[in-house]
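Visitor: Sequence first, predicted model second:
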Amino acid sequence: DTEVTQTPKHLVMGMTNKKSLKCEQHMGHRAMYWYKQKAKKPPELMFVYSYEKLSINESVPSRFSPECPNSSLLNLHLHALQPEDSALYLCASSQIPRPGTLDGYTFGSGTRLTVV
Amino acid sequence: QKEVEQDPGPLSVPEGAIVSLNCTYSNSAFQYFMWYRQYSRKGPELLMYTYSSGNKEDGRFTAQVDKSSKYISLFIRDSQPSDSATYLCAMDNLYGNKLVFGAGTILRVKS
């Protein structure tokens, strides 16, 4: 299995809703990532988990709350979002990088989020 | 100045042409250099990655890194209409855990 699976593929939520995005991989990767991609823009890093611990938070607003329950799963909990948070949310995973080696930095197909 | 510069295009070529895609960067700490292909409404797909300088070839794709010039390239030989997509360069530092992307180049291969 060489895939990163994201669910749901599409999500429409109101500004007062609470929802969660899910990401799963079975490649044995111990690093997992959340990226945000606005239309016609490149992906931007939000969070990095290494060995199930949060290692990087790119100053993301607290209305986005990541969680890594185990080495295969990554969640992104959403609460009180704004319309400008509408974007494609991408999950990625990789082996823990070592100098000279960066194996399998693989992205999922993303969740297209619309906040109304 | 952005850390990674990439011409957004669009770049239109006839089928069978050799395509050259390029990025420049300013951060000398970058060690990993990657090229991703992204189709509309899909996630990025890793095409090539290179550590430090040098060339790498995989089928119709060749990636080149010139660290002295802070310049990377992706060449696509015998381009096909199915190669039409957005091509993103991405780079990271020694730790490899944070990718910085270029803006992406839209490529259109016409049959």
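Guide: Done, it's in.

Visitor: any idea which helix or strand of chain B has the worst average confidence?
Guide: The helix or strand of chain B with the poorest confidence is strand B:45-51; it has a mean of 89 (mean pLDDT, DSSP states H and E).

Visitor: At the contact with chain B, which residues of chain A appear?
Guide: Residues of chain A lying near chain B by C-beta under 8 Å from any C-beta of the partner chain: A:4, A:6, A:31, A:33, A:41-45, A:48, A:50, A:55-56, A:88, A:90, A:94, A:97-102, A:104-110, A:112. Quick note: C-beta positions are derived from backbone N, CA and C, even for glycine.

Visitor: how about low-confidence regions in chain A?
Guide: Applying pLDDT under 70 to chain A flags residues A:1-2, A:99-103.

Visitor: A:Ile96: which element?
Guide: Assessed by DSSP states H and E, A:Ile96 sits outside every helix and strand.

Visitor: The least confident helix or strand of chain B pairs with which strands?
Guide: strand B:32-38 (antiparallel) (DSSP bridges).

Visitor: Centre of the chain to the partner strand, how far?
Guide: 5 Å (C-alpha atoms, centre = their mean, to the nearest Å).

Visitor: Contacts for that strand next, please.
Guide: A:97, A:102, A:105, A:107, B:21, B:44-51, B:61, B:63, B:65, B:72, B:74, B:83, B:85-93, B:96, B:99, B:101, B:104 (C-beta atoms under 8 Å, 6 or more residues apart in numbering or on different chains).

Visitor: Also stretch B:14-25?
Guide: For stretch B:14-25, using C-beta under 8 Å, 6+ apart, the contacting residues are B:3-7, B:11, B:13, B:35, B:69-81, B:83, B:87, B:89, B:91, B:102, B:105, B:107, B:109-111.

Visitor: again, 6 Å this time
Guide: Contacts to stretch B:14-25, defined as C-beta atoms under 6 Å, 6 or more residues apart in numbering or on different chains, come from residues B:4-6, B:13, B:70-79, B:87, B:89, B:91, B:102, B:105, B:109-111.

Visitor: One more: stretch A:45-55?
Guide: So stretch A:45-55 is in contact with A:30-36, A:56-58, A:60, A:66, A:68, A:71, B:97-98, going by C-beta under 6 Å, 6+ apart.

Visitor: May I ask which of those has the most neighbours?
Guide: Among the contacts of stretch A:45-55, A:Tyr33 has the most neighbours (other C-beta atoms under 10 Å in any protein chain shown), with 27 neighbours.

Visitor: For B:Tyr32, name its beta-bridge partners.
Guide: Here B:Tyr32, judged by DSSP bridges, has bridge partners B:Tyr51, B:Asp92.

Visitor: burial count for it?
Guide: 24.

Visitor: What mean pLDDT does the helix or strand following the least confident helix or strand of chain B get?
Guide: Per DSSP H and E, the first helix or strand lying C-terminal to strand B:45-51 is strand B:54-58. Mean per-residue pLDDT for strand B:54-58: 92.
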